[in-house]
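A.B. asks: turn this into a structure:
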Amino acid sequence: MRAVSANRRRILSLWLPRLPIDRIKRQLTFTGAPPESKPQVVVIKDANALLIHALDEAAARHGVSLCQPLANARAVCPDLVVHEADLAADAKMLEGIADWCDRFTPLVALDPPHGLSLDITGCVHLFGGEAKLMQSVCDALTAHGLTVSAAIASNAVCARTQNRQVHGRIVPNGEEAAAVAPQPVVALGGSEAVTLGLRRAGLKTIGDVASRGRNEITARFGAAFTRVLAQALGEADAPISPRKVPPDYIVEKRFAEPVATDTVIAASLSSLAAMLVAAMAQQGKGARRLEACFFRTDGLVRIIAVDTGQPVTEAAVVDRLFRERLDALSDPLDPGFGFDMIRLSASRSEIVVQQQRDLDAHVHDNDELSALIDRIAARIGGKRVIVHLPVDTHIPERAALPLPAQHNLAATSTADWPERSDGEPPLRPLRLFARPEAIQVIAGVPDGPPARFVWRRAAHAVVRAEGPERIAMEWWRPEGQGLTRDYFRVEDEHGLRFWLYRDGLYDREFEPQEGLPVQPVWYMHGLFA
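C.D. replies: Prediction:
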């Protein structure tokens, strides 16, 4: 587990200014296309004009700039290679980079469109200090063909103002104001109107703005800009919003050489399970949700999660659940060139309640059933293993609520189902259709049971019928303004028993809009055994 330092928060801010063009170049490299030697740009349509959205180093050397019209850029550099912007693909790639950054800290936040913020408080000692950590992150991203600028400060705003202007700056706590003072006002990330207004007022740097009174700045440019200014100066905190909730417990294993064999991966996962269980046992807790993260050397991250019905306190159980999950993957765990890190975390844990296990046989039965459900859920998915709980309603299709068995097994023992009368046939069929199916019916009298009906192109002659059982819809529900149903239990000449109903009453119910009498329709709702 990682201990959180009591010192002030430290944020590593990453900026990938050429993410769109870097993504396209990586994609062309993976497809085997020859590298393009000409300057390349990405354009985006804005108000019926094509503007430069991103550009590579070669295009920048030719004088091309961001937000420049494509026509003007071609006049400066006629050999431009133009690509269309794909904002969805850029966002997906940024998410992938954020997943990769999870190996350094679980607190990773997106800073759209091309930035990330990492809360590295309390974990820099694992990497040899802030400078080495930042260098490791930047070297790895550069090796994957990405242009990156990084900075570290006490909050995300201060760090962002630094990496937009200079790469590799580390701002010590308390020196934020001096660090950002010489930076231009555009580094604060304000709107174009605010930036233009500051320049017209003769305030060209952040230091110039900070020298003015806060009331004066707020009156002219708004409270939001004043708050950002205070954060950049270190006068106010700027907490990040991580993409994921930090797990309760984390254990991980890093490899000097990437591992790719199933035997080593399984053994590593088993050892991590023992470490995780031991860490939770110290606080009397067990895991209810476990996640295994496999970090590949090429930057891809594979996350596999399992849920449990009861808090897990044994490493063997954790190991068995992940083996079941790995064996059932439709997309096998592809190590590529190998995994350089495996992390096991308990994203949700609970206090373990001790129970009598020597004399109470029901406790052992519940444990075995819960373990079986966990194994089946790990193999086929938790949503496919369900239990039904009664609902206080007389509408047949709403009388039972399907819920995941892992989280509702205990409720089944106290569920209050309606009791069946001895010697009486069942009132409800064994098989109830999810959606009633329309049938064609010939009835002796309008309100009586059917004499014959056609269902799924097969005709059935009714020899016995019971009913009707009249059920009115729940008028107090927004979706309950339905027609009255008359249910019948019928038996045909072959001994097959059906549960069908007439939707609507002859000449006694009217359409809510037209006010005309309804024409009742018959439906098949279920089959008796």
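A.B. asks: output stretch 188-202 as PDB, nothing but the C-alphas.
C.D. replies: Below are the C-alpha coordinates for stretch 188-202, written out as PDB (Å, rounded to 0.1, in the frame of the first residue of the first chain):
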ATOM      1  CA  LEU A 188      -3.400  31.200 -17.500                       C
ATOM      2  CA  GLY A 189      -5.700  29.700 -20.100                       C
ATOM      3  CA  GLY A 190      -8.300  32.500 -20.100                       C
ATOM      4  CA  SER A 191     -10.600  33.300 -22.900                       C
ATOM      5  CA  GLU A 192      -9.400  35.300 -25.900                       C
ATOM      6  CA  ALA A 193     -11.500  38.300 -24.700                       C
ATOM      7  CA  VAL A 194      -9.900  38.200 -21.200                       C
ATOM      8  CA  THR A 195      -6.400  37.900 -22.700                       C
ATOM      9  CA  LEU A 196      -7.000  40.700 -25.200                       C
ATOM     10  CA  GLY A 197      -8.400  42.900 -22.400                       C
ATOM     11  CA  LEU A 198      -5.400  42.300 -20.200                       C
ATOM     12  CA  ARG A 199      -3.000  43.200 -23.000                       C
ATOM     13  CA  ARG A 200      -4.900  46.400 -23.800                       C
ATOM     14  CA  ALA A 201      -4.600  47.300 -20.100                       C
ATOM     15  CA  GLY A 202      -0.900  47.000 -20.400                       C
END
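A.B. asks: for it, the distance to its chain's centre please.
C.D. replies: The chain centre lies 37 Å from the centre of stretch 188-202; the measure is Cα atoms, centre = their mean, to the nearest Å.
A.B. asks: got it, and stretch 387-396?
C.D. replies: With Cα atoms, centre = their mean, you get 31 Å for stretch 387-396.
A.B. asks: Ala73 versus the residue nearest the centre of the chain, what's the distance?
C.D. replies: With distances taken as Cα atoms, centre = their mean, Lys244 lies nearest the centre of the chain, 8.4 Å away. Applying Cβ to Cβ, to the nearest Å, the value for Lys244 to Ala73 is 40 Å. The C-beta positions use only the backbone N, C-alpha and C, and glycine is treated the same way.
A.B. asks: name the nearest residue to Ala49, sequence neighbours excluded.
C.D. replies: Spatial nearest neighbour of Ala49, chain neighbours left out: Pro69 (5.8 Å); criterion: Cβ to Cβ, 6 or more residues apart in numbering.
A.B. asks: remind me which residues of the protein are low pLDDT?
C.D. replies: Applying pLDDT under 70 to the chain flags residues 1-7, 330, 354-366, 423, 478-481, 511-515.
A.B. asks: direction included, what does the helix or strand hosting Ala151 pair up with?
C.D. replies: Element membership of Ala151 [criterion: DSSP states H and E] is strand 149-153. Its sheet considered, strand 149-153 pairs with strand 11-15 (antiparallel), strand 169-170 (parallel) by DSSP bridges.
A.B. asks: deepest of those, which one?
C.D. replies: strand 11-15 (a mean of 25; mean count of other Cβ atoms under 10 Å).
A.B. asks: and the following helix or strand past that one, what does it pack against?
C.D. replies: For strand 11-15, the following helix or strand on the C-terminal side (DSSP H and E) is helix 19-30. Judged by 3 or more Cβ pairs under 8 Å, 6 or more residues apart in numbering; DSSP states H and E, helix 19-30 is in contact with strand 40-46, strand 49-55, strand 81-84, helix 87-101.
A.B. asks: could I get the buried residue list for helix 19-30?
C.D. replies: 19-25 (16 or more other Cβ atoms under 10 Å).
A.B. asks: mind putting the residues you listed in CSV, distance to Ala472 included?
C.D. replies: What follows is the buried residues of helix 19-30, written out as CSV (distance: Cβ to Cβ, whole Å):
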residue, distance to Ala472
Leu19, 60
Pro20, 60
Ile21, 65
Asp22, 64
Arg23, 60
Ile24, 63
Lys25, 67
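A.B. asks: of all these, which comes closest to Val171?
C.D. replies: Leu19 (24.1 Å; Cβ to Cβ).
A.B. asks: isn't the closest one right up against Ala91?
C.D. replies: No - using Cβ atoms under 8 Å as the test, Leu19 is too far from Ala91 to be in contact (9.7 Å).
A.B. asks: give me the common contacts of those two.
C.D. replies: Pro113 (Cβ atoms under 8 Å, 6 or more residues apart in numbering).
A.B. asks: ok, back up a step: and of the strands paired with strand 149-153, who's closest to Thr121?
C.D. replies: Of these, nearest to Thr121 by Cβ to Cβ is strand 11-15, at 8.1 Å.
A.B. asks: now the angle from that closest one to helix 87-101?
C.D. replies: If you take axes from the mean of the first three to the mean of the last three Cα atoms, to 10 degrees, strand 11-15 sits at 140 degrees to helix 87-101.
A.B. asks: going forward, count from 193.
C.D. replies: In the new count, where the first residue is 193, that last one comes out as strand 203-207.
A.B. asks: contacts only, for Val378.
C.D. replies: Neighbours of Val378 in contact, by Cβ under 8 Å, 6+ apart: Thr387.
A.B. asks: before we move on, what about Ile216?
C.D. replies: Listed by Cβ under 8 Å, 6+ apart, the contact partners of Ile216 are 232, 234, 275.
A.B. asks: residue contacts, the closest residue to the first one other than its chain neighbours?
C.D. replies: Using Cβ to Cβ, 6+ apart and skipping residues adjacent in sequence, the residue nearest Gln232 is Val273, 4.4 Å away. If a contact means Cβ under 8 Å, 6+ apart, then Val273 has 228, 230-233 as its contacts.
A.B. asks: please list only the buried members of these.
C.D. replies: By 16+ other Cβ under 10 Å, the contacts of Val273 give 231-233 as buried.
A.B. asks: in the stretch 493-642 of the chain, what residue spans correspond to helices?
C.D. replies: Remark: helices assigned in the stretch 493-642 of the chain by DSSP state H, counting those that start in this stretch are 507-519, 553-572, 597-604.
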